[in-house]
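> pasting the sequence and the predicted model now:
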Amino acid sequence: MKCPNCGGEIGRFELAPDCKHCGVNIFYCQQEKLLSQDAKQCELEFASFRILKAKAKCAFIGGPLQILRIVAMFAAIGVIFIPFATLRAELTMFTSKITLSAFGVYQVVSGGELNALISLKDYFPELFTAFVADAALFLLAFLMGLGIFIALVLTFINVTKSAKACCALSAAGFALSIASGIVSMLIPRAAQGTFITASGGAGAFALAVVFALMFVLNLLLVRKNVQPDIDPIDIERVKIRKKIKAGEITYDDLPLPVFETEKEEEGEKLG
């Protein structure tokens, strides 16, 4: 065992409370050293937490643009439940309805309506092609919305880069939604002369409006170049912590506190 103060060697059977080399109380010195190390560790670790907190605040509630962007995202989720197009077949012993929306797609997959949709290919190929094209555009627009959601979740990593990604995805989603709306308007024409009643819904154009709003909000964020308010000292603390993890330095090499805050410096001046 070595003395925590001077590093002098202490024998295993030397039970004196004080170091024979420097005279300090070994127990209290050891406790003081451990408490000092804990204080340094807390100072460095809480710096990482404060940086993450500042980034998250800037990304999600740092201003009206960020808040409106979250609201627009929830609006997009609601809009995909509005029908983009509807097919309804009514016969004497048979009734079937297929709706192109988030809930409608779930019903088609889980309720067995998929076979009825596929059967249209043999009897009404023009109607089948138009409806499948609209469904493909709907799914692609949904994927653009999903990409925007993922970019929003990861906004705290870099606000500007996330906004740029959302701009690109919003532009693509807008174009796909408009194309879907146009195809939805053509579906009733393709159903003319058949026993199927077809109608286009407002879902595609409503989603296009949400994508346009999302594009504008993210473009404004890119131009504004929003950055989180991070204390430069916290950045230095994180760098020191990385060096400790890499084994370049130890807590014993650091002063206490590792970095003095402005409040501490002002207190020393007043004292």
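Thanks, I have it. Residues are numbered from 1 along each chain as shown.
> I'd like to know how many residues surround the nearest residue to Ala102 once chain neighbours are set aside.
Leaving aside its sequence neighbours, Ala102 sits nearest to Ile80 (CB to CB, 6 or more residues apart in numbering; 4.4 Å). Every residue, glycine included, has its C-beta placed from N, CA and C. Neighbour count of Ile80, defined by other CB atoms under 10 Å: 19.
> which ones are touching Ile80?
By CB atoms under 8 Å, 6 or more residues apart in numbering, the contact list for Ile80 reads 101-102, 142, 145, 203, 207.
> and which of those is nearest to Asn115?
Checking the contacts of Ile80 against Asn115 with CB to CB, the nearest one is Ser101 at 19.5 Å.
> residues touching the spatially closest residue to that closest one that is not a sequence neighbour, list them.
Using CB to CB, 6+ apart and skipping the chain neighbours, the partner closest in space to Ser101 is Pro83 (4.8 Å). Counting by CB under 8 Å, 6+ apart, Pro83 makes contact with 99-101, 104, 201-203.
> name the SS class of Ile98, please.
Recorded secondary structure, Ile98: strand (DSSP: H, G, I helix; E, B strand; the rest coil).
> surely it meets Val105?
No - between Ile98 and Val105 there is no contact, the gap being 9.5 Å when judged by CB atoms under 8 Å.
> of these two, who's got more company?
Under the criterion of other CB under 10 Å, the comparison of Ile98 against Val105 puts Ile98 first, with 23 against 20.
> ok, and the closest non-adjacent residue to that one?
Leu87 (4.5 Å).
> who does that neighbour form a beta bridge with?
Ile98, Ala198 (DSSP bridges).
> roughly how far apart are it and Lys121?
From Leu87 across to Lys121, the span is 13 Å (CB to CB, to the nearest Å).
> ok, those two, which is more surrounded?
Higher neighbour count among Leu87 and Lys121: Leu87, with 26 against 12, using other CB under 10 Å.
> residue contacts, that one?
97-99, 117, 127, 131, 187, 191, 196-198.
> and Val108, by the same measure?
Val108 makes contact with 98, 114, 117 under the criterion CB under 8 Å, 6+ apart.
> tell me how far it lies from Leu44.
With the distance defined as CB to CB, Val108 ends up 55 Å from Leu44.
> can you pull the contacts of Cys166?
Cys166 makes contact with 69, 148, 151-152, 214-215, 218 under the criterion CB under 8 Å, 6+ apart.
> just the closest of those residues to Ala179, please.
Phe215 (16.1 Å).
> identify the spatial nearest neighbour of that closest one, chain neighbours not counted.
Spatial nearest neighbour of Phe215, chain neighbours left out: Ser170 (3.8 Å); criterion: CB to CB, 6+ apart.
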